[in-house]
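After the sequence you'll find the predicted model.
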Amino acid sequence: MNESKSSPDWSSRHCVPCEGGIDRISADDASQYLTELPDWSLENDGNQITRKLNTGDFQTAIRHLNAIAKLAEAEQHHPDLHLTGYRHLRIVLTTHAIGGLSENDFVMAARINQVVS
Ligand SMILES: C[C@H](O)[C@H](O)[C@H]1CNC2=NC(N)=NC(=O)C2=N1
């Protein structure tokens with residue numbers, strides 16, 4: 001395992017436009033990356049990462065949702081956002097263009113952590 005995989009410092013990076021043509025990140029590498037992002041889990045055979053945020057109330061959930069939407073537009077990488085039970089937010093990241101995980105998903109996860117903290 002190389003140094004960049006153990007300390008990628010995702011939050012200092014930005015998403016790179018992706019329209020395919022790159023390899024999906026393997027489930028093994030994704031698990032390693034998630035040691036830096038403990039609120040996130042690997043799902044769907046290693047093709048997506050998710051975070052659940054149980055906020056205190058509807059307004060807080062909407063505030064987080066709007067902050068994530070603004071970030072997604074700035075980075076041009078867009079998570080699926082599920083708001084259920086009026087205050088439970090589930091965030092799903094995958095790279096549609098490759099049908100799996102790219103570095104963009106980990107950059108977004110780290111940046112989402114910053115905007116919802
Ligand atoms: C060129 C630009 O990166 C693409 O259109 C983006 C837009 N946002 C995206 N968001 C996500 N989650 N996956 C993508 O493949 C994707 N593609």
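Ah, there it is.

May I ask which helix or strand encompasses D39?
Here D39 is covered by no helix or strand, with elements defined by DSSP states H and E.

Kindly apply the preceding question to R111 instead.
Applying DSSP H and E, one finds R111 within helix 103-116.

Which strands or helices does that helix pack on?
Contact partners of helix 103-116 among helices and strands, from 3 or more CB pairs under 8 Å, 6 or more residues apart in numbering; DSSP states H and E: strand 48-54, helix 58-75, strand 88-93. To be clear about C-beta, it is placed using only N, CA and C from the backbone, and glycine gets the same treatment.

Now do that helix and strand 48-54, the angle between them.
Going by axes from the mean of the first three to the mean of the last three CA atoms, to 10 degrees, helix 103-116 is angled at 10 degrees with respect to strand 48-54.

for P8, helix, strand, or coil?
Using DSSP: H, G, I helix; E, B strand; the rest coil, the structure places P8 in coil.

from what I can see it touches F106, true?
Yes - counting by CB atoms under 8 Å, P8 does reach F106; the two are 6.9 Å apart.

Now do the shared contacts for the two.
Any residue near both P8 and F106 by CB atoms under 8 Å, 6 or more residues apart in numbering counts here, and that gives Y33.

near the ligand, which residues of the chain?
For the chain, the residues in contact with the ligand (CB under 6 Å from any ligand atom) are 17-19, 76-78, 95-97.

what's the following helix or strand after the helix or strand of the chain with the lowest mean pLDDT?
Least confident helix or strand of the chain, by mean pLDDT, DSSP states H and E, is helix 3-6 with a mean of 51. Remark: after helix 3-6, the chain's next helix or strand is helix 27-34, criterion DSSP H and E.

and that following helix, what's its mean pLDDT?
The pLDDT scores in helix 27-34 average 96.

Give me the helices and strands touching the following helix or strand past it, please.
Counting by DSSP H and E, the element after helix 27-34 in chain order, helix or strand, is strand 41-43. With contacts taken as 3+ CB pairs under 8 Å, 6+ apart, strand 41-43 sits against helix 27-34, strand 48-54.
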